[in-house]
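Undergrad: Please work out how this folds:
(2 chains)
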Amino acid sequence: MPRVAVIRFPGSNCDADTLRSCAAVGADAEYVWHREESIGNADVVMIPGGFAFGDHLRAGAIARFSPIMRAVIEHGRAGGPILGICNGFQVLCEAGLLPGALVRNQNLAFISRPLYVRVESTDNPFTNQYTRGDEFLVPVAHGEGRFVSSQEVMDRLEGEDRIVLRYSRENPNGSLNAVAGIANEERNIVGMMPHPERAADPLLGETRGRIVFESFMKTAGAV
Amino acid sequence: MTKTRIAPYPGDPEITDDLVRQHGIDEHEQGLIKEILGREPSFTELGIFSALWSEHCGYKHSKRELRKFPTDGPQVIQGPGENAGILRLGGGWAVAFKIESHNHPSAVEPYEGAATGVGGILRDVFTMGARPVALLNSLRFGPLDRPRNRYLLAGVTRGIGDYGNCVGVPTIGGEVDFEDGYSGNPLVNAMCVGILKEKDVMRAVASGVGNLLISVGARTGRDGIHGASFASEELSEETEAKRPQVQVGDPFTEKLLIEASLELISSGDIIAIQDMGAAGITSSSAEMAARGGVGVEIDASKVPVREPNMTPYEILLSESQERMLVVAEPDRVDAIIEITERWELEAAVIGSITDDELFRVTWGDDVVAEIPGVKLVDECPLYTPEAAEDPEVAARRQNEPPSYEGSLVDAWTKLTGTPALASKRWVHEQYDSTVQASSVIEPGANAGVIRIPETKIGISAATDCNSRYLSLDPYEGAKAAVVESARNVASCGARPIGITNCLNFGSPEKPFVYHQFLQACRGITDACNALKTPVTGGNVSFYNESPTGAIPPTPVIGMIGLLEDVSKAVGPHFMAPGDQIVLVGETKGHLGASSFWAYIMGASVGEPPPVDLDAAASLVDALVHLAENNLATSIHDLSDGGIALALGEACFGPTYGTDPLGATVDLSDIQAEISDEAMLFGEDHSRAFVSVPTTEVEEMLQAVRDRGLQATVVGEVGDVGGDISVRLRGGIVSTPVSTLREVYEDAIPGALAKVQAN
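TA: Model prediction:
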């Protein structure tokens, strides 16, 4: 059974939802407090949404100095799968594990609503069970979700098939090229602004967010 | 060790009659204080009395009436008197909930005022041992054509959003209303819902002589000093100068405080815990001590402070946010500090429980205040002022506008695009409504619904108050607020089980206002008795007055509903073309006090629709039965704007991901005596639109009729993007659903954008 470390910063608030989604697909998921220095024998690292350090300064800017981040970075450099959701995506960008940055939404307001996203790339541990072109409705909830990068970085992301998710119908936060999620060059680290853990239960409507969790289970050979 | 000599703190001013008046204490109360103490109060003591005997803390003008509310029921675990009420849900689970106002702070500083309102209500709930799982907000502003009102709407929305989003509690509903009477004095009422196991209920009762008082969380600063007294005054031209009395919130610390407090409670290391809310350390310690019949001694010099040179007066009355007061046995202090430090918070021993029933404050070895504790909390003077109905209101109630000559489609469209009735998406899209991944029915519906993870239990919550009804008839209007909130949760399939209320009124010292208050309380009592929904607590906010006068009477009801099987929850939108549309309840075409008269005819007059409490209870019962037995694909209750508004909203569908549906409805032969506008826009209570597949219609109709209610198939759900078409006796009224939805969605953003363009 794959072991998942759900990193908990003081202001993480999607930690329980993420843990529950991991457990729902049969993973052995545990919280790891940000002051710890090791992720133990985890196979997968998840950095959940929230406001790691109250988003003082800049979302994710302080979190990257937490003791646990050294272990997370080592895990990533060694090819271990890492998924950052929402604030987790911001933390991964601030830590230099993913290129680009997430800045204030174009309309300068928090946006909480479901948005359609299209799966653009399946060559990574977190979307490999989707079919390229799949489109589904998934909640976003962020104030700083507008992805920006230099043209050079964007050209590489597009050219190397590293755009994982794209807003397909509306792009209210104003992300460059409507980017909703990206992967690193080695494709083991993925960040996404939408919350797949909130679209993984028939009671709540849309369920295709669950495939994100089924994907890493497949990678780990558990399915 | 009894210390009785009161040493004035160096630099404290001399007590004069003027100074006492500035503290909101009149001559009579000044006499009482002298009697209680047997001497003149010290400056610190004066501040303490001023806070605890303020309207906000002492409920001077309301307590006698609040005691008349029904508070019992087999489901009640905790009624009024604690930080929040608690109701039994079954399976060992319980719900803790409360609503509270933050009107005055939001009027002067909308962002921080609203944010700290959310923070305070969260603490009231988690201090009971409950994890906050939902927030609702009941907001009222003046019309958006005035810049100040737009500023307030934007600031309040952002304040609520930034706080709630950061702590990770979804906002699942509430209301936003716009009405002239709130210009200058907006209402910001925040409700929090938390879940807990019955066995884990924590109460804020201090006990055990020698046990310690520990402050946990943020340090004490100079913010919010005398907030409780400020909340007990009328707003005036000089109010702007009171900005420093508004507290400043830090949701990041609150998030840590939630986790630390819940862990402290479940660890068994603490005896009691209470939020330091209004009147800060003073009220939290005095209230906990009074509940336990013990005394307390606080050494103000030991309270961790944010700024140097703070006086005991300032420390005791500071309303710095994100602080909790804990009572524990001395040998548990280390364990408590270990837990709070793990959550990166500070904890400090600041006092102890004594056996002398005194509320004593020291500064090192000097006693700066010593007051008999019970007298401070329980013997706050109570008043029953004069009450009389404003004859002008009685006259308006008898008034009636001339009959309507315009086009019904135009009226329908205009009403749909009136900000008070239109979509509130602009507001609730700024609130995280899906965090915790448990929101089954989200904002914009009749009521919100969340599930308790890993159980079948669902909780529905709604806030309601139609203040136009109350302005014209406070008794019927208050009944209406209760039955509407019950109807709203029942429309989701939930059985209403209890309420919290936030009673917003003008100055109780004005007879016209006090009349409104008395009648509204009577209305709430009667309606709650009929629906078997006890009152579990809440908050009174008086002195909501601005230079232009008192606000409309606004007792906001926060209703809780229980779904034993959350998978049976029903949404408000038509689901499938071909489903039959059933109108449940009796249509009499009552237009008095209606939105139609107010917004189309420009006349807020007439008698509000009378509430038949038996019919209201039967409707609740019928709707819950339909949901439980899969006899409804959607339920939308009828309220403001009557049939026209409800039919439109039912057709619009959820805002995201689906296109609106048309509908064809025939109302030409259900009630012969009333005019077409009364049919379309009348606001008779105890009605709902239910959609149901053709195959289930007979069973559905029978179930409703068995409960003594009318039920008539009036039409059929149409195709995607079709027309909403209504046949009346005078002809067909029809409009494309997409046009109507656009008007509905654009009303608030349009009102804000239009102004920016100017």
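
Undergrad: Surely residue B:471 is within a helix?
TA: Yes: according to DSSP: H, G, I helix; E, B strand; the rest coil, the state of residue B:471 is that of a helix.

Undergrad: quick one, what contacts it?
TA: Listed by Cβ atoms under 8 Å, 6 or more residues apart in numbering or on different chains, the contact partners of residue B:471 are B:181, B:393, B:477, B:552, B:553, B:604. Heads up, the C-betas are built off the backbone N, CA and C, glycines and all.

Undergrad: Helix, strand, or coil at the second one?
TA: Think residue B:393. Taking three-state DSSP, the label given to residue B:393 is helix.

Undergrad: That one and residue B:111, how far apart?
TA: 35 Å (Cβ to Cβ, to the nearest Å).

Undergrad: quick one: which of those two has more around it?
TA: residue B:111 (21 against 15; other Cβ atoms under 10 Å in any protein chain shown).

Undergrad: so that one sits right up against residue B:159, yeah?
TA: Yes: using Cβ atoms under 8 Å, residue B:111 is in contact with residue B:159, at 4.1 Å.

Undergrad: And the pLDDT at residue 80?
TA: You didn't say which chain, so I picked chain A. We have a pLDDT of 96 for residue A:80.

Undergrad: look at chain B instead
TA: 94.

Undergrad: Backbone dihedrals for the closest residue to residue B:520 other than its chain neighbours, both of them.
TA: Leaving aside its sequence neighbours, residue B:520 sits nearest to residue B:478 (Cβ to Cβ, 6 or more residues apart in numbering or on different chains; 4.0 Å). Dihedral pair for residue B:478: phi -70, psi -40, per degrees, to the nearest 10.

Undergrad: what do you get for residue A:88?
TA: phi -60, psi -40.

Undergrad: Now for the closest residue to it other than its chain neighbours: which residues touch it?
TA: Spatial nearest neighbour of residue A:88, chain neighbours left out: residue A:47 (3.1 Å); criterion: Cβ to Cβ, 6+ apart. Contact partners of residue A:47, counting by Cβ under 8 Å, 6+ apart, are A:7, A:72, A:82, A:83, A:84, A:85, A:87, A:88, A:89, A:91, A:92.

Undergrad: how near is residue A:47 to residue B:311?
TA: Applying Cβ to Cβ to residue A:47 and residue B:311 gives a distance of 45 Å.

Undergrad: Equivalent analysis for residue B:456, please.
TA: 55 Å.

Undergrad: Assign a three-state SS to the closest residue to residue A:99 other than its chain neighbours, would you?
TA: Spatial nearest neighbour of residue A:99, excluding adjacent residues (Cβ to Cβ, 6+ apart): residue A:153 at 4.8 Å. Of the three states, residue A:153 takes helix under three-state DSSP.

Undergrad: Show the contacting residues for residue A:179.
TA: Contacts of residue A:179 by Cβ under 8 Å, 6+ apart are A:100, A:147, A:157, A:163, A:165, A:166, A:167.

Undergrad: go on, residue A:81?
TA: With Cβ under 8 Å, 6+ apart, residue A:81 has these contacts: A:43, A:44, A:45, A:125, A:126, A:188, A:189, A:190, A:216, A:219.

Undergrad: The second one: neighbour count?
TA: What it means is residue A:44. For residue A:44, using other Cβ under 10 Å, the count is 26.

Undergrad: Surely residue B:116 is in contact with residue B:102?
TA: Yes: counting by Cβ under 8 Å, residue B:102 is a contact partner of residue B:116 at 6.5 Å.

Undergrad: helix or strand for the nearest residue to residue B:673 once chain neighbours are set aside, which one?
TA: Once flanking residues are discounted, residue B:673 sits nearest to residue B:589: 7.8 Å by Cβ to Cβ, 6+ apart. Element membership of residue B:589, judged by DSSP states H and E, is empty: it is in no helix or strand.

Undergrad: List the residues that contact the nearest residue to residue B:509 once chain neighbours are set aside.
TA: In space, residue B:509 comes closest to residue B:385 once its chain neighbours are excluded; the distance is 5.8 Å by Cβ to Cβ, 6+ apart. Counting by Cβ under 8 Å, 6+ apart, residue B:385 makes contact with B:61, B:508, B:509, B:511, B:514.

Undergrad: Among the residues you listed, which are located in strands?
TA: In strands, judged by DSSP state E, none of those are found.

Undergrad: pLDDT wise, what is the residue nearest to residue B:520 at?
TA: In this prediction residue B:478 is given a pLDDT of 98.

Undergrad: What is the neighbour count of it?
TA: 32.

Undergrad: now do residue B:381
TA: 11.

Undergrad: hey, where'd the helices end up in chain A?
TA: A:15-24, A:68-77, A:87-94, A:151-159, A:210-219 (DSSP state H).

Undergrad: In JSON lines: those helices, plus mean neighbour count.
TA: Listed next are the helices of chain A as JSON lines, based on neighbours: other Cβ atoms under 10 Å in any protein chain shown:
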{"stretch": "helix A:15-24", "mean neighbour count": "22"}
{"stretch": "helix A:68-77", "mean neighbour count": "18"}
{"stretch": "helix A:87-94", "mean neighbour count": "28"}
{"stretch": "helix A:151-159", "mean neighbour count": "14"}
{"stretch": "helix A:210-219", "mean neighbour count": "22"}
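
Undergrad: a markdown table for the ones you listed, including distance to residue B:25?
TA: Output for these, formatted as a markdown table (distance: least, Cβ to Cβ, whole Å):
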| stretch | distance to residue B:25 |
| --- | --- |
| helix A:15-24 | 48 |
| helix A:68-77 | 54 |
| helix A:87-94 | 49 |
| helix A:151-159 | 66 |
| helix A:210-219 | 62 |
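
Undergrad: Many thanks, have a good one.
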